[in-house]
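> Sequence first, then the predicted structure:
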Amino acid sequence: MLLYDISRDALKSRVYDGDPKPQTSWLSKIEYGGEYNLSSVAMCTHTGTHIDAPYHYLDDGKKIGELNLSRFYGACTVVTISGIITGEDMDDILPHCRKKLLIRGEGEAFLTPSAVFVLGDYGVNLVGTDGLSVAQADEDFEIHRELFLNDILILEGLDLSGVEDGDYILAAFPLKLSALEASPVRAVLMAQEKGI
């Protein structure tokens, strides 16, 4: 089994405009006379590679802890497409894809309302991107909200540079931050080695 780490380092990742940058501090360091190394971190739940739960944009939406773990694991397809993604684009792509779709667009792939409609129509249950958001800034609210209303989870901040387009098994489990609207994840793709 081949494993591909498609997560970004949360401490080094670009943050969404207006979000705080991660801050770390040492509570104890051996080199300064401590008996052990102990650190703390403060960061936005949308830093680096993370899952957005419906509660992010729906006040009655499910929080991270209310989502079944099976939502973060399963067959997925990685596709390369950049720019503004329309419903017509999705109609061309989705017949060849699994129900979890990861979009490689060099951070410049953005869904439109028509694309979200087609994603919902095809029964996609998770959409991921290598960008900071699945939507352009002026449509962020509308796109996120429509995805959640179609029961589609959002995985943002991926690093898909080391994988080819194709089918994989995705594992992107959130931290157990039960009452929150998002969580960092360690996203991994799995593929069977050829010839085995």
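Received it, and whenever you're ready, just let me know what you need.

> Going by C-alpha atoms from here, please, whenever you check contacts or count neighbours.
Will do.

> so where does the residue nearest to Glu146 when sequence neighbours are not counted fall, helix or strand?
Computed as Cα to Cα, 6 or more residues apart in numbering, the closest residue to Glu146 that is not its neighbour in sequence is Val116, at 6.9 Å. For Val116, the host element (DSSP states H and E) is helix 113-121.

> What are the buried residues along that helix?
For helix 113-121, the neighbour count (16 or more other Cα atoms under 10 Å) marks 113-120 as buried.

> Would you mind reformatting the residues you listed (as JSON lines) and adding columns for distance to Leu94 and pLDDT while you're at it?
Converted to JSON lines, the buried residues of helix 113-121 look like this (distance: Cα to Cα, whole Å; pLDDT from 0 to 100):
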{"residue": "Pro113", "distance to Leu94": "16", "pLDDT": "97"}
{"residue": "Ser114", "distance to Leu94": "14", "pLDDT": "97"}
{"residue": "Ala115", "distance to Leu94": "11", "pLDDT": "98"}
{"residue": "Val116", "distance to Leu94": "12", "pLDDT": "98"}
{"residue": "Phe117", "distance to Leu94": "12", "pLDDT": "97"}
{"residue": "Val118", "distance to Leu94": "9", "pLDDT": "98"}
{"residue": "Leu119", "distance to Leu94": "8", "pLDDT": "98"}
{"residue": "Gly120", "distance to Leu94": "11", "pLDDT": "97"}
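
> Closest one of the residues you listed to His96?
Leu119 (12.8 Å; Cα to Cα).

> May I ask which helix or strand encompasses the residue nearest to the closest one when sequence neighbours are not counted?
With Cα to Cα, 6+ apart as the criterion, Leu119 has its nearest non-adjacent residue at 7.1 Å, and that residue is Met90. Using DSSP H and E, Met90 sits in helix 87-93.

> for that helix, packing partners?
Helices and strands touching helix 87-93, as assessed by 3 or more Cα pairs under 8 Å, 6 or more residues apart in numbering; DSSP states H and E, comprise helix 113-121.
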